[in-house]
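**Student:** Sequence plus predicted model, see below.
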Amino acid sequence: MALRTHNCGELNKNHIDQTVKLSGWVNSIRTHGQIIFIDLRDRFGKTQIILNSDELIKIGKTLSNEDVVFIEGKVSSRSKDLINPDLETGEIEVLVKKMIVLSNAEPLPMSIQDRDASSEEHRLKYRYLELRNNDLQKNIIIRHNTAQTVRNFLSDNKFLEIETPVLMKSTPEGARDYLVPSRVHNGRFYALPQSPQMYKQLFMISGLDRYFQIVKCFRDEDLRSDRQPEFTQIDLEMSFVDEKDVRLIVEKLLTKVFKEVINIELKEFPILSYHDAIEKYGTDKPDLRFGITIEDFKTFSNKSGFKAFSDCESVRIISVPNSEFFSRKIIDELDSYAQSLGAKGLAWFKVNNNEFSGGISKFFDSNLTKEIIDNLKLEDNSICFMIGDKLNTSLQVLGKIRSKVGDLLELKDNSIFSPVWIVDFPLFSWNEETKRYDSVNHPFTAPKDSDLGDVTSNPSEVISKGYDIVINGYEVAGGSIRIHDHSLQKDIFKIMDLSDKEISEKFGFFIDALKYGTPPHGGIAFGLDRLVMLLAGVSNIRDVIAFPKTTSASALMEEAPNLVSEEQLDELGIKILDDEKNV
């Protein structure tokens, strides 16, 4: 028996008088005298069906929400006053002639339609039920459409989709590896890939020219709303390219994705250096949907009577509109927030009628006030927030205050998408804890040609050929032009304090590969989950992943991670130490 001729979202007035078969879930039941109205649901939509015979009403009275039923009936037009314009099927209903209950649903442990009625932990435990929610299904569809658009675009641009190994060698790439013990090679471990970085570079050495893959990656790191222990990358690499070539293909790809998936035109991709991004926005992931920028205030604070700033290395300021919104309560909350981020405090004053008021306004005389207003172009009805501290602290904290103010004033319009390229990153950062240089991107990133002479002699001043694409404050993709010279690659590892032995053990095969004719190459990796999160207009990547982990990396539905048997451990040569012995 065919269980359906149509889905629950496609019937319309063109199907009137046709006999159809539908199957789906009972979404709602309404009884009116001797007639029962049921909204039948599948992932394509809802159709109103009507039970109006004694036999069918008897069945209908036994039904509960989420029961799965099959019906056969005739499509009928709704009267004009009962048309539902919010439904694709709102002009019709189906008069049921036959109904079969395919599956009964027990009382649900959670509400499917009202996600806020249950805690996230409870919803994740019953994720298979939560995935019946219409919003989540839309997100999954957006994810599918995004992946298909990416595949089609890259295939049309001569990229080859090639799979890379999941069981690989553990190499230092920043985050902790997830390790997999080997039964065959007792006492040895594979690692799950943090990215296919070396493999995709090896493809370029192999002469495959253009590679891409939509691939799972794994990082054992602390989680947050836009990070998961297992995540999906859109990974691509190209031979014989420079930074502009990679950026151009990415811009074309993103333009295609946003147009085809959510019908949004991306028109501009401005470029901002890492230095300017930090100076203007306090972050290398700036949200450009609103225009508040950080300015240097040290010259003016030095002229003021506010001595708390006099010994500060840096004093920075932002000017925010709508000063009347900022009550003393809100200002105090922002001050507490700034202190929680490491600042000593958040200074402020308001600007009205070309005068300062409130906060530290009394420390600025009229001449200095006019000088500040003229130079910083401060507008009436604005409030200024200042941080005095070390340079990094003042910029980073004020950058977070800027973002918080954007939320408070609802300046972040989710219908607007503002991409920006961040370029010219430092190649290295100094790690005070380990007293050595770390790679800002990863150790395979090439330095600027103009800085090649400073790589070993002055590594802290070297600029990389790295680039990130940021949209609405989220890093959507990051990449670089790679090192294609084996001696330079070895020098980079040495600067990062790896010994010759460590280089040989961890990267020997890769260094050798670079010796056999390596083309200049570069690429980029998108966070697919994060990109879909933006396309779907949600703020948590767990809403765009079918079966996500919690912030403690737990899978509540299947209760993973979990214990394994002694027999399995013995096969792998692993012994679990007693936590109580602290060993």
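**Tutor:** Structure received. Small disclaimer: the values here were computed from a predicted structure and weren't measured. Numbering: from 1, shown residues only.
**Student:** In the lengthiest helix in the chain, which residues are buried?
**Tutor:** As assigned by DSSP state H, the longest helix anywhere in the chain is helix 134-156. Residues of helix 134-156 classed as buried: 136, 139-140, 142-143, 145-147, 149-150, 153-154 (neighbour count, 16 or more other CB atoms under 10 Å). C-beta: built from backbone N, CA, C; applies to glycine.
**Student:** Using a markdown table, lay out those together with distance to His15.
**Tutor:** Shown next, in a markdown table, are the buried residues of helix 134-156 (distance: CB to CB, whole Å):
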| residue | distance to His15 |
| --- | --- |
| Leu136 | 29 |
| Asn139 | 29 |
| Ile140 | 27 |
| Ile142 | 28 |
| Arg143 | 31 |
| Asn145 | 26 |
| Thr146 | 32 |
| Ala147 | 32 |
| Thr149 | 31 |
| Val150 | 35 |
| Phe153 | 36 |
| Leu154 | 39 |
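**Student:** Residue ranges in this protein under the pLDDT threshold?
**Tutor:** Residues of the chain meeting the criterion pLDDT under 70: 172-174, 223-226, 579-583.
**Student:** just the angle between the longest strand seen in it and helix 134-156, please?
**Tutor:** In the chain, assigned by DSSP state E, the strand with the most residues is strand 19-32. For strand 19-32 against helix 134-156, the angle by axes from the mean of the first three to the mean of the last three CA atoms, to 10 degrees is 150 degrees.
**Student:** And strand 19-32, what does it pack against?
**Tutor:** For strand 19-32, the elements it packs on are strand 35-42, strand 45-51, strand 68-77, strand 92-103, judged by 3 or more CB pairs under 8 Å, 6 or more residues apart in numbering; DSSP states H and E.
**Student:** In TSV, list those along with mean neighbour count and distance to Tyr274.
**Tutor:** Output for these, formatted as TSV (neighbours: other CB atoms under 10 Å; distance: least, CB to CB, whole Å):
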stretch	mean neighbour count	distance to Tyr274
strand 35-42	20	49
strand 45-51	23	47
strand 68-77	19	55
strand 92-103	17	56
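**Student:** Could you export those as a markdown table, including distance to Tyr128?
**Tutor:** Output for these, formatted as a markdown table (distance: least, CB to CB, whole Å):
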| stretch | distance to Tyr128 |
| --- | --- |
| strand 35-42 | 15 |
| strand 45-51 | 20 |
| strand 68-77 | 14 |
| strand 92-103 | 14 |
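**Student:** Compare the ones you listed and give me the one nearest Ala536.
**Tutor:** When the helices and strands packed on strand 19-32 are compared by CB to CB, strand 45-51 sits nearest Ala536, at 18.7 Å.
**Student:** So which elements touch the closest one?
**Tutor:** Against strand 45-51 (3+ CB pairs under 8 Å, 6+ apart) you get strand 19-32, strand 35-42, helix 54-60, strand 92-103.
**Student:** Residues in contact with that strand: which ones?
**Tutor:** Applying CB atoms under 8 Å, 6 or more residues apart in numbering, the contact partners of strand 45-51 are 7-11, 22, 24, 27, 35-40, 57, 59-60, 71, 73, 78, 84, 87-89, 92-96, 99.
**Student:** about what we covered before: contacts for whichever helix or strand comes after the longest helix of the chain, please.
**Tutor:** Sequence order places strand 160-161 as the next helix or strand after helix 134-156, per DSSP states H and E. Residues from elsewhere that reach strand 160-161, judged by CB under 8 Å, 6+ apart: 151, 154-155, 208, 210-214.
**Student:** if we look at stretch 19-29, which residues are touching it?
**Tutor:** Counting by CB under 8 Å, 6+ apart, 2-8, 11, 36-42, 46-47, 49, 60, 63-75, 94, 97, 102, 105, 132 sit against stretch 19-29.
**Student:** hmm, I was thinking of stretch 429-445
**Tutor:** Applying CB under 8 Å, 6+ apart, the external contacts of stretch 429-445 come out as 173-174, 197-198, 201, 425-428, 459-460, 464-466, 478, 480-483, 489, 492-493, 495-497.
**Student:** When you filter the residues you listed down to buried only, what's left?
**Tutor:** The buried subset of those (16+ other CB under 10 Å) comprises 173, 197-198, 201, 425-428, 459, 464-466, 478, 480-483, 489, 492-493, 495-496.
**Student:** picking up where we left off before, can I get the longest helix of the chain as PDB, trimmed to CA atoms?
**Tutor:** Extracted in PDB, the C-alpha atoms of helix 134-156 (Å, rounded to 0.1, in the frame of the first residue of the first chain):
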ATOM      1  CA  ASN A 134       9.700  23.600  12.800                       C
ATOM      2  CA  ASP A 135      12.500  26.100  13.400                       C
ATOM      3  CA  LEU A 136      15.100  23.400  13.900                       C
ATOM      4  CA  GLN A 137      14.000  21.600  10.800                       C
ATOM      5  CA  LYS A 138      14.300  24.900   8.900                       C
ATOM      6  CA  ASN A 139      17.900  25.200  10.200                       C
ATOM      7  CA  ILE A 140      18.700  21.700   9.000                       C
ATOM      8  CA  ILE A 141      17.300  22.500   5.600                       C
ATOM      9  CA  ILE A 142      19.400  25.700   5.500                       C
ATOM     10  CA  ARG A 143      22.500  23.600   6.400                       C
ATOM     11  CA  HIS A 144      21.700  21.100   3.500                       C
ATOM     12  CA  ASN A 145      21.200  23.900   1.000                       C
ATOM     13  CA  THR A 146      24.400  25.600   2.100                       C
ATOM     14  CA  ALA A 147      26.400  22.400   1.700                       C
ATOM     15  CA  GLN A 148      24.900  21.700  -1.800                       C
ATOM     16  CA  THR A 149      25.500  25.300  -3.000                       C
ATOM     17  CA  VAL A 150      29.200  25.100  -1.800                       C
ATOM     18  CA  ARG A 151      29.700  21.700  -3.500                       C
ATOM     19  CA  ASN A 152      28.200  22.900  -6.800                       C
ATOM     20  CA  PHE A 153      30.100  26.200  -6.800                       C
ATOM     21  CA  LEU A 154      33.500  24.600  -6.100                       C
ATOM     22  CA  SER A 155      32.900  21.800  -8.500                       C
ATOM     23  CA  ASP A 156      32.100  24.400 -11.200                       C
END
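**Student:** Sounds good, over and out.
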